[in-house]
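Student: have a look at this fold, sequence not included:
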């Protein structure tokens, strides 16, 4: 069995706006930024402090019987809890009060006030907590899209997926392992939309997913106060090693009119990409009218054209 290639995500210290924009951002590869000031949140955001500041505001959360949440099979349920109770439960290993079982796991991804129209913004959903968190000024304010407040139980692992916008993942408290895969490895990840079907990334079923071993695995462990730059289209899978709190800050790399204006989550493909994928679907329907050997031949011709027009040469730039 082939061994998957592994590359540690490089760690940078003393990063300011100029260093980020000149040395890190143009590489379009993940980078851990250590020592960037996130504000007093790193010291303040204890369970007790979060519960007190968040109070009884109701939040919609994911609840799962198992540590690995799988969005494709929906192995979790949505429930609502007061924020202070949610935080206390999430910090526990066993629960006196529970929905499914005493060792269930919890996950919060904050939402906009109007979940169908507004992106998440920590300054609006949790204004008192937002005062403690300083968003690094690494991008133009007009490119800002959302700031997503996240809390997860220990050992909670989220499915591998990509986002269409650039992302700074701020790990405020707790440690988190993040595994990433390059957009150039998309053909090895068994995609269903923006998500990978390979849930067990540490011990994949080689019979079901033989190509997965060809994908290069980038990996890091975020410490409290770390930032992880995740460029748009990079696949990522997160595992909370401890009860943890974080904030994702998303911003647009492309012009605003390239994105779907009716997408408050920021995970729909750019408009041109969506049209292209729809065109491919229509082309495949045309090929369905032909016998198998013709479908095979013209499918290969389509792949050749796509490869010639769009594929970049796969290179791996390792930053020491």
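Tutor: Sure, I can see it. Quantities reported herein were computed from a predicted structural model and do not represent experimental measurements.
Student: hey, let's count contacts and neighbours off CA atoms from now on
Tutor: Fine.
Student: what about the helices in this protein?
Tutor: For the chain, the helices defined by DSSP state H occupy 17-19, 41-44, 47-54, 83-90, 122-125, 127-130, 271-287, 292-310.
Student: just name the most buried of those.
Tutor: helix 83-90 (a mean of 20; mean count of other CA atoms under 10 Å).
Student: what's next to that one, contact-wise?
Tutor: Helix 83-90 has contacts (CA atoms under 8 Å, 6 or more residues apart in numbering) with 47, 50-52, 54-59, 95, 105-107, 151-154, 243.
Student: tell me which of the helices of the chain lies nearest to residue 258.
Tutor: Closest to residue 258 of those, according to CA to CA: helix 271-287, at 5.8 Å.
Student: and the contacts of helix 83-90, which are buried?
Tutor: 47, 50-51, 54, 59, 95, 105-107, 151-154, 243 (16 or more other CA atoms under 10 Å).
Student: now stretch 216-229: average pLDDT?
Tutor: The pLDDT scores in stretch 216-229 average 98.
Student: stretch 101-110 too?
Tutor: 96.
Student: gap between the two ends of it?
Tutor: Criterion CA to CA, to the nearest Å; first-to-last residue distance in stretch 101-110 is 24 Å.
Student: repeat that for stretch 233-245.
Tutor: End-to-end distance (CA to CA), stretch 233-245: 24 Å.
Student: and residue 50, how far from residue 131?
Tutor: 13 Å.
Student: repeat that for residue 303.
Tutor: Residue 303 is 51 Å from residue 131, by CA to CA.
Student: now residue 269. Nearest residue, chain neighbours left out?
Tutor: residue 164 (6.2 Å; CA to CA, 6 or more residues apart in numbering).
Student: re earlier: turn the helices of the chain into CSV, including mean pLDDT and distance to residue 230.
Tutor: Output for the helices of the chain, formatted as CSV (pLDDT from 0 to 100; distance: least, CA to CA, whole Å):
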stretch, mean pLDDT, distance to residue 230
helix 17-19, 96, 16
helix 41-44, 97, 21
helix 47-54, 96, 26
helix 83-90, 97, 26
helix 122-125, 95, 19
helix 127-130, 95, 22
helix 271-287, 96, 20
helix 292-310, 95, 22
